[in-house]
Every structure is written in structure tokens, then in C-alpha cells.
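Novice: no sequence for this one, just the structure:
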């Protein structure tokens, strides 16, 4: 492999699905601000809204994931136009 082309901060990182609270640990160089402790080891934390744990394509189920109340805000805003 070529020398000097790979990132320096390649490390183990925890990716957490905020909708289902599931997580997985893999190597990454993603920038993070948060950390999480899993089984006595502290990992940098990347928060995700959708992952394979919650996406309908992978789960086979249709789930309504609303982390910030966006669906309710939309429905309230456009309820007056409903026939």
C-alpha cells in the first residue's frame, strides 16, 4: 500500500441508532464529540437516526421513527388543508 495516504485517527468507534438504542462497534475515522462506555471500554460515539436496526428495508417492518416531532409538526401545519 502507498504510505501517507491513510488517515491518522483510524480507531474503534461505536455507532448508535438513536431510535432503537442498538449499537455496533467498528473501525472508523469519523469525527465525534461524544463517548460511550461499553463493557468497561470507552469508545467515541457516532449517533445515527437510521441504521440497519431500524430501516424498513432491513427489518421488513414499517416503523414510524420521529426523533424530533417533525411528523406531528407537519400534520398540525397542514391539517387545515385536509378535506
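Specialist: Received, thanks. What you see is a predicted model; the values in this text were computed from it and never measured.
Novice: shaky segments in the protein?
Specialist: Within the chain, the ranges that satisfy pLDDT under 70 run 1, 55-68, 83.
Novice: which residues of it fall in helices?
Specialist: For the chain, the helices defined by DSSP state H occupy 56-59, 70-78.
Novice: distance of the residue nearest to residue 7 when sequence neighbours are not counted from residue 21?
Specialist: Closest residue to residue 7 apart from its sequence neighbours, by CB to CB, 6 or more residues apart in numbering: residue 29 at 4.2 Å. C-beta: built from backbone N, CA, C; applies to glycine. In this view, residue 29 and residue 21 are 25 Å apart by CB to CB, to the nearest Å.
Novice: residues in contact with residue 43?
Specialist: 12, 13, 14, 25, 35, 36, 37 (CB atoms under 8 Å, 6 or more residues apart in numbering).
Novice: Next, format those as JSON lines and append distance to residue 44 and neighbour count.
Specialist: Putting the contacts of residue 43 into JSON lines (distance: CB to CB, whole Å; neighbours: other CB atoms under 10 Å) gives the following:
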{"residue": "12", "distance to residue 44": "8", "neighbour count": "11"}
{"residue": "13", "distance to residue 44": "5", "neighbour count": "20"}
{"residue": "14", "distance to residue 44": "7", "neighbour count": "22"}
{"residue": "25", "distance to residue 44": "10", "neighbour count": "15"}
{"residue": "35", "distance to residue 44": "6", "neighbour count": "10"}
{"residue": "36", "distance to residue 44": "8", "neighbour count": "17"}
{"residue": "37", "distance to residue 44": "11", "neighbour count": "10"}
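Novice: Please tabulate those residues in TSV and include distance to residue 47 as additional columns.
Specialist: Output for these, formatted as TSV (distance: CB to CB, whole Å):
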residue	distance to residue 47
12	16
13	11
14	10
25	14
35	12
36	10
37	15
